[in-house]
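Asker: Got a sequence here, can you build the structure:
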Amino acid sequence: MKTRVAVCAAVCVVVALLCQGISVSEEKAARPVIVLQKESSYSPVIEEPFEEVMKKDLAAKPGRMKRHMELLNGRYDLSKKVTDEVTMSGGKPLPVGPTARLKDGLTWDKIDAMTPEQIREKGVFPYLPLPHPVHEVGGMVLPDMVLKQLPRLKRFDMDFDLPEWFLPEFPPPMYLTTHKDMGDVSQGQLVTIDNYYRIFNGLLNPKQLEGLRLLVTQFPQQQFNATEDRKSEKPSLGVSCFDCHANGHTDAATHLVGDIRPQANRNRIDVPTLRGVNVQRLFGSQRGLKSVEDFTEFEQRAAYFDGDPLTAAKKGANILERGSQVHFMAEFQALLDFPPAPKLDPFGRLIKGKATESELKGEAVFFGKGRCAECHPAPYYTDNSMRDLQVEKFYAPQTIEGQYIRAEGPIKTFPLRGIKDSPPYLHDGRLLTLDDTVEFFNLVLDLKLNQQEKKDLTSFMRQL
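Answerer: Numbers count the residues shown, from 1 in each chain. Presented below is the predicted three-dimensional model:
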């Protein structure tokens with residue numbers, strides 16, 4: 001019945017047009033054509049030969065990186081400033097700051113006294129979201145320190161942007177909950193498919209060893225694969241989980257989150273450490289995954305391919321079997337431990353006989369005036385929740401280097417155990433040092449900490 005009505009209606013329209021002396025084709029031509037100018041949710045289709053794409057990218061690369069590094073140098077003091085007073089777990093000196101360049105002759109005391117409205121109006125917020133090195137392109141980018149050992153991961157269209165002294169040590173130590181007496185079980189080596197069996201045979205059960213094998217096995221990824229739209233000069237088997245989560249930690253590789261569109265709205269993401277995932281319950285860039293098993297499976301099905309399952313099918317998606325492969329990988333990841341913290345007691349608090357006066361004062365700030373413990377309670381210094389910091393009240397929406405700076409929504413409360421080993425900080429790496437982190441939260445949460453309290457708080461967090 002509905003079909004008959006539709007046909008009759010169409011006939012009536014045609015008859016009416018003919019009675020007016022207008023042909024149907026003329027009426028169609030007279031209609032205004034409305035084209036929706038909207039970005040597609042899917043990756044662009046590459047129609048040029050690989051050699052032409054690579055040639056264009058190589059030509060564009062110097063200009064792209066010059067633009068981006070001018071932005072970074074305008075925001076931060078990127079010179080090498082480190083301390084040997086406290087080092088990362090493997091001995092690398094810690095970067096010190098704050099590194100943010102304040103505008104208009106402001107000091108930290110002056111900007112701390114301003115309201116969010118004043119900061120927004122004057123455009124002087126020092127910690128705007130950090131764009132990807134080439135935000136309109138995006139994709140996985142790894143630091144030079146990684147590329148020296150894994151040159152297959154070098155992109156021809158862009159470089160990593162942050163200096164090495166702001167990054168974790170590489171390769172980082174690996175700590176296991178089952179072998180705490182051994183310290184660094186990786187023996188100072190980068191764990192790869194070439195050496196994992198020699199190092200871990202006898203330390204892990206067969207399931208865990210198979211899980212580790214999968215974590216160091218290369219699988220196709222959006223930028224590193226065998227297709228013509230890759231971003232490595234040579235065809236590649238892909239990347240492994242541990243290429244970014246080096247030794248179960250992080251090497252500060254960067255990417256864009258896979259679950260936001262359009263491209264300009266996607267957030268840069270700093271690869272988080274996998275240490276201590278056994279005590280965490282939220283995973284993924286938007287923290288919508290509730291177990292490390294969910295995260296492991298999601299990475300292979302979607303995140304490796306910028307959240308586009310169509311290109312995943314083209315490039316070679318690796319669909320892991322949940323009951324064995326995913327389970328085995330997750331079982332190994334659950335063994336990854338936080339680094340030693342010799343000044344903490346079993347409840348995650350400072351031991352008075354071992355801590356300095358500044359560290360003890362910093363602990364008091366952390367659990368008191370600083371309000372840090374409201375989201376980061378001991379002993380692991382996370383509440384496994386999310387918070388919306390409402391940072392957008394400090395700046396107007398704007399586009400910077402292809403990224404639309406807007407309200408970012410809730411982010412995960414990351415564990416602070418071992419935090420000194422994991423610079424840079426926040427989900428996009430915009431806070432280069434722990435000093436920057438203290439300044440950021442002091443401003444965003446309106447804590448009104450004085451300079452000594454900030455220094456003491458940083459001293460405390462270096463012991464976690």
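Asker: and the helix ranked longest in the chain, which residues are buried?
Answerer: Determined from DSSP state H, the single longest helix within the chain is helix 50-75. For helix 50-75, a neighbour-count test (16 or more other C-beta atoms under 10 Å) marks 53-54, 57, 61, 64-65, 68, 71-72, 75 as buried. Backbone N, C-alpha and C define where each C-beta goes, glycine included.
Asker: Please name the spatially closest residue to Asp104 (chain neighbours excluded).
Answerer: Spatial nearest neighbour of Asp104, excluding adjacent residues (C-beta to C-beta, 6 or more residues apart in numbering): Val124 at 5.9 Å.
Asker: for the one you found, what are its contacts?
Answerer: Val124 is in contact with 102-104, 106, 111, 114, counting by C-beta atoms under 8 Å, 6 or more residues apart in numbering.
Asker: do the same with Glu401
Answerer: Contacts for Glu401 (C-beta under 8 Å, 6+ apart) come out as 67-68, 71, 131, 135.
Asker: want to try TSV for the residues you listed, with pLDDT and distance to Val96 as columns?
Answerer: Formatted as TSV, these follow (pLDDT from 0 to 100; distance: C-beta to C-beta, whole Å):
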residue	pLDDT	distance to Val96
Arg67	97	28
His68	98	24
Leu71	98	22
Pro131	98	25
His135	97	28
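Asker: Need those in TSV (columns: distance to Ser324).
Answerer: As requested, the contacts of Glu401 are arranged in TSV below (distance: C-beta to C-beta, whole Å):
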residue	distance to Ser324
Arg67	47
His68	43
Leu71	46
Pro131	40
His135	38
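Asker: List phi and psi for Thr87.
Answerer: phi -120, psi 170 (degrees, to the nearest 10).
Asker: same question but for Arg430, I mixed them up
Answerer: Dihedral angles for Arg430 - degrees, to the nearest 10 - are phi -70, psi -20.
Asker: was I right about it contacting Leu130?
Answerer: Yes. Look at Arg430 against Leu130 with C-beta atoms under 8 Å: they come within range, at 4.0 Å.
Asker: So which of these two has more stuff around it?
Answerer: Taking Arg430 and Leu130 together and counting by other C-beta atoms under 10 Å, Leu130 has the greater number of neighbours (28 against 22).
Asker: ok, that one - contacts?
Answerer: Per C-beta under 8 Å, 6+ apart, neighbours of Leu130: 268, 428-430.
Asker: quick one: it and Ile405, what's the gap?
Answerer: Separation of Leu130 from Ile405 (C-beta to C-beta, to the nearest Å) stands at 10 Å.
Asker: got it, and Pro44?
Answerer: Taken as C-beta to C-beta, the span from Pro44 to Ile405 is 23 Å.
Asker: And those two? Which one has more around it.
Answerer: Between Pro44 and Ile405, counted using other C-beta under 10 Å, the more crowded position is Ile405 (19 against 10).
Asker: Next one: Ser23, what pLDDT does it get?
Answerer: If you check Ser23, the pLDDT there is 44.
Asker: now do Glu26
Answerer: 43.
Asker: quick one: contacts of stretch 283-302?
Answerer: For stretch 283-302, the external contacting residues (C-beta under 8 Å, 6+ apart) are 219, 241, 257-260, 267, 269, 277-278, 280-282, 303, 308-309, 312, 317-320, 322, 326-327, 329-330, 333-334, 386, 410-412, 427.
Asker: Report the buried members of these.
Answerer: 219, 241, 257-258, 267, 269, 277, 280, 282, 303, 308, 312, 317-318, 320, 326-327, 329-330, 333-334, 411-412, 427.
Asker: Any idea how far apart the tips of stretch 301-312 sit?
Answerer: Terminal residues of stretch 301-312 are spaced 7 Å apart (C-alpha to C-alpha, to the nearest Å).
Asker: Okay, strands next: where are they in the chain?
Answerer: Assigned by DSSP state E, the chain shows strands spanning 82-87, 93-95, 254-256, 268-270, 386-387, 398-400, 403-405, 411-412.
Asker: Turn those strands into JSON lines, columns for distance to Gly211.
Answerer: Compiled in JSON lines, those are given as follows (distance: least, C-beta to C-beta, whole Å):
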{"stretch": "strand 82-87", "distance to Gly211": "31"}
{"stretch": "strand 93-95", "distance to Gly211": "32"}
{"stretch": "strand 254-256", "distance to Gly211": "23"}
{"stretch": "strand 268-270", "distance to Gly211": "24"}
{"stretch": "strand 386-387", "distance to Gly211": "28"}
{"stretch": "strand 398-400", "distance to Gly211": "40"}
{"stretch": "strand 403-405", "distance to Gly211": "36"}
{"stretch": "strand 411-412", "distance to Gly211": "24"}
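Asker: Of those strands, which is nearest Gly183?
Answerer: With C-beta to C-beta as the criterion, Gly183 lies closest to strand 82-87 of those, at 14.9 Å.
Asker: strands paired with the closest one, and their directions?
Answerer: Sheet pairing of strand 82-87 (DSSP bridges) gives strand 93-95 (antiparallel).
Asker: Buried residues, the strand it pairs with. List them.
Answerer: Buried residues in strand 93-95, counted by 16+ other C-beta under 10 Å: 93-95.
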